[in-house]
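# only geometry, no sequence info:
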Ligand SMILES: O=C(O)C(=O)C[C@]1(C(=O)O)C=C[C@@H](O)C=C1
């Protein structure tokens, strides 16, 4: 048979399939109304198992495919039924409320909590995220969160991931524990320099100070040194400040280029990071779940019950809507027996009703679902 002839037959089968699929979905809608009236749960595992047994028996060597097709049909039927009879989920209701309040343009001014001191990479990120904001320096990531939660600062800026080191776990933990929203993000190319007091030589150095992320990003350089103690501190600018204030000719800081001039230090080596493509992403957080105009990126933290296909179900929904996933990272839950949460980022906007419906479905099916925000990267 010619290819075109085979395809004609496939077209005819597809037409019948679609017709039958829509009939099946109509019947599933009727089931939803019945279940709603009689207070029955949507999922009926026994019924699904019975259908699967019959279908696989009839499908011979292609039983795997039939099993997969019918499992997908059940999932579609269940999600349609949930849409028809379930109350809106918490997150979807909150997102709708944010949208109804109207999307506004990102503010130009406001107090911004920033971890570190002048010259820190976080400060450069603050300037990029809010060019006309007023920076309030605090000591720790937790203090950034507290400043935003207490209303002292309208915004807070935090590093969230690095291209060499991955996610900043401490920041994700804070996002999990506090009810905050991401409203903007930016990506900075990070170069690390080795800064010392003027006149100090490489062989004089016995101590190097820096933030643990920067230490991780310069591991090749640090491993090549002998007899040097590496000491973590709050951030890279703080390291430069400390070396300058101590006046110690055996100490060096891994810090950024502007910090040399800021703290009167000299640069012994202007590129000690493992990779020249070293980027860090910073987020801007607020207390209120605002969605500003131009938002096109969604951040989520989700967890599943431990069952086969749980992650696949989420990924298939994204694929069906042609949504690009820019991040999927699993992270062990501290103190658990190998339980994991997933950090997800999507190129999508909740302004699109099908995206919002998909998030609502995810929230229903996930054991844990946290919507961190819908925002623009600048
Ligand atoms: O028979 C039901 O109770 C239905 O809701 C229909 C259906 C199906 O698609 O066949 C869907 C969900 C249930 O878990 C079981 C079966």
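Received it, and whenever you're ready, just let me know what you need. What you are looking at is a predicted structure, and each value in this text was computed from that prediction instead of being measured.
# secondary structure element for residue 267?
strand 266-269 (DSSP states H and E).
# Relative to whichever helix or strand comes after that strand, what are the paired strands and their orientations?
As assigned by DSSP H and E, the chain's next helix or strand after strand 266-269 is strand 279-286. Next to strand 279-286 in the sheet, as set by DSSP bridges, lie strand 155-162 (antiparallel), strand 181-189 (antiparallel).
# And for residue 131, the neighbour number?
10 (other Cβ atoms under 10 Å). Every residue, glycine included, has its C-beta placed from N, CA and C.
# Now it. Nearest residue, chain neighbours left out?
Excluding its sequence neighbours, the residue lying closest to residue 131 (Cβ to Cβ, 6 or more residues apart in numbering) is residue 108, at 7.6 Å.
# you'd agree residue 190 is up against residue 217?
Yes: between residue 190 and residue 217 there is a contact under Cβ atoms under 8 Å: 7.1 Å.
# Mean neighbour count and distance to the ligand for the strands paired with strand 279-286 - can I get that in JSON lines?
Below are the strands paired with strand 279-286 laid out as JSON lines (neighbours: other Cβ atoms under 10 Å; distance: least, Cβ to the nearest ligand atom, whole Å):
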{"stretch": "strand 155-162", "mean neighbour count": "25", "distance to the ligand": "38"}
{"stretch": "strand 181-189", "mean neighbour count": "20", "distance to the ligand": "35"}
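# CSV please, covering those strands and showing distance to residue 355.
Shown next, in CSV, are the strands paired with strand 279-286 (distance: least, Cβ to Cβ, whole Å):
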stretch, distance to residue 355
strand 155-162, 22
strand 181-189, 16
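# does the residue of the chain found nearest the ligand count as helix, strand or coil?
In the chain, the residue that lies nearest the ligand is residue 77 (3.3 Å; Cβ to the nearest ligand atom). Assigned by DSSP: H, G, I helix; E, B strand; the rest coil, the conformation of residue 77 is helix.
# The stretch 1-150 of the chain against the ligand: which residues are in contact?
Within the stretch 1-150 of the chain, the residues that sit near the ligand (Cβ under 6 Å from any ligand atom) are 28, 31, 43-44, 47-48, 51, 73-74, 77-78.
# Are any of those residues buried, and if so which?
Buried members of those, counted by 16 or more other Cβ atoms under 10 Å: 28, 31, 48, 73-74, 77-78.
# tell me the SS of residue 370?
Reduced to three states with three-state DSSP, the structure at residue 370 is strand.
# how many neighbours does the residue lying closest to it once chain neighbours are set aside have?
Nearest residue to residue 370 in three dimensions, chain neighbours excluded: residue 301, at 4.2 Å (Cβ to Cβ, 6+ apart). For residue 301, the count of nearby residues is 18 (other Cβ under 10 Å).
# Reformat the strands paired with strand 279-286 as CSV; add mean pLDDT and distance to residue 205.
Supplementary listing: the strands paired with strand 279-286 in CSV, determined by pLDDT from 0 to 100; distance: least, Cβ to Cβ, whole Å:
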stretch, mean pLDDT, distance to residue 205
strand 155-162, 95, 25
strand 181-189, 96, 26
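# Could you pull out the strands in the stretch 101-250 of the chain for me?
Ranges of strands in the stretch 101-250 of the chain, per DSSP state E, counting those that start in this stretch, are 111-115, 134-138, 155-162, 166-167, 181-189, 193-196, 207-210, 229-232.
# which one of the ones you listed lies closest to residue 321?
Nearest to residue 321, of all those, is strand 181-189, at 21.2 Å by Cβ to Cβ.
# hmm, who's touching the closest one?
The contact list for strand 181-189 (Cβ atoms under 8 Å, 6 or more residues apart in numbering) reads 106, 121, 124-125, 128-129, 155, 160, 175, 277-292, 297, 299, 372-373, 375-378.
# what about the strands paired with strand 279-286, which gets the closest to residue 14?
Nearest to residue 14 among the strands paired with strand 279-286 is strand 181-189; the distance by Cβ to Cβ comes to 42.4 Å.
# returning to what we had before: Produce a PyMOL select command limited to the buried residues of the contacts of strand 181-189.
Command for PyMOL, covering only those of the contacts of strand 181-189 found buried under the criterion 16+ other Cβ under 10 Å:
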select buried, resi 106+121+124+125+128+129+155+160+175+278+280+281+282+283+284+285+286+287+289+290+291+292+297+299+372+373+375+376+377
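# For residue 232, grab the count of nearby residues.
Neighbour count of residue 232, defined by other Cβ under 10 Å: 13.
# Over to residue 4?
Residue 4 has 7 neighbours, counted by other Cβ under 10 Å.
# Okay, and the beta partners of residue 181?
residue 286.
# buried set for stretch 79-93?
Within stretch 79-93, the residues that count as buried by 16+ other Cβ under 10 Å are 79-82, 89, 91-92.
# now do stretch 341-349
341-346, 348-349.
# quick one: which of those is nearest residue 57?
Looking across the buried residues of stretch 341-349 and measuring by Cβ to Cβ, the closest to residue 57 is residue 342, at 36.0 Å.
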